[in-house]
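1. All I have is the shape, not the residue letters:
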């Protein structure tokens, strides 16, 4: 059998190109990082119901001393821990956990089970008796980030916010919910950034409470400044144009707004 030297040359060229590409990726993995940056994050929003300040402290201590260090060891950070702005014995604790993929999210239970430090530090909380529970109950929702803002965005270090607003928009149907996301991506997200609402994340709920719905968080230096940012948003021609567009009519049936503050455990 006779080999065609031209075929061999072409094959060698292709191999060299492939090897050069791999070497470039290894030497400078920015291409791989850029590809990862295009993938949307996933967010777990966990809400603990409590019936005393002592329970609130126990939940906060668990996240501060056991859970967050363990999540950080997995590469999951920053984790946000918040409570309602006005103190009460029944305040809820809100936890925001960002994951870069569904695989990372699915791996969390097994990694926590195998983490000896976590198991030791969390033992009292995880094994709280019926006579002295650490909390009443907790609920969890899993969200996927909007294409319009695929990753969590944190305020600049010199503008650390003191108030946070968690907003949930319920829609009457899945189609209306997707339409509201389109409205965000057609102008609301950049407008919120422009007027200083400083959005931290946007997510569509894919498993959890109040579906179909979307959830997002904004923040501000204080309540007065936050209200002024919302007033600027409402007065903007961009917002007026969006709300006047008939394609976005009736895409939200209910808005749930909760004002929050960070706890000592929070990394946000």
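-> It's in. In this text the structure is predicted, and so the values were computed from the model without any measurement.

2. For residue 100, grab the count of nearby residues.
-> If you count neighbours by other CB atoms under 10 Å, residue 100 ends up with 16. Just so you know, the C-beta spots here come from the backbone N, C-alpha and C atoms, and that holds for glycine as well.

3. what's the answer for the one 5 residues further on, then?
-> As a burial measure, residue 105 scores 18 neighbours (other CB under 10 Å).

4. Just list the residues touching it, thanks.
-> By CB atoms under 8 Å, 6 or more residues apart in numbering, the contact set of residue 105 is 42, 44, 99, 142.

5. Show me which pair in those residues is furthest apart.
-> Maximum pairwise distance among the contacts of residue 105 (CB to CB): 9.1 Å, between 99 and 142.

6. Work out for me the element the residue nearest to residue 185 when sequence neighbours are not counted sits within.
-> Nearest non-adjacent residue to residue 185, counting by CB to CB, 6 or more residues apart in numbering: residue 148, 3.6 Å away. Using DSSP states H and E, residue 148 sits within no helix or strand.

7. Quick check: the gap between residue 148 and residue 187.
-> 10 Å (CB to CB, to the nearest Å).

8. before we move on, the earlier item: I figured the residue nearest to residue 185 was touching residue 184, is that so?
-> Yes. In this structure residue 148 lies within contact range of residue 184 using CB atoms under 8 Å: 6.0 Å.

9. Pull up the overlap in contacts between those two.
-> In contact with both residue 148 and residue 184: residue 202, using CB under 8 Å, 6+ apart.

10. Looking at these two, which one has more neighbours?
-> Ranked by neighbour count (other CB under 10 Å), residue 148 and residue 184 place residue 184 first, with 22 against 16.

11. quick one, what contacts that one?
-> Each residue near residue 184 by CB under 8 Å, 6+ apart is listed here: 146, 148, 202, 214.

12. Top of these by number of neighbours, please.
-> Neighbour counts for the contacts of residue 184, by other CB under 10 Å, peak at residue 202, which reaches 29 neighbours.

13. so what's the residue nearest the centre of the chain closest to, chain neighbours aside?
-> What sits nearest the mean C-alpha location of the chain, by CA atoms, centre = their mean, is residue 43, with 3.9 Å. Distance criterion CB to CB, 6+ apart; nearest residue to residue 43, sequence neighbours excluded, is residue 143 at 4.5 Å.
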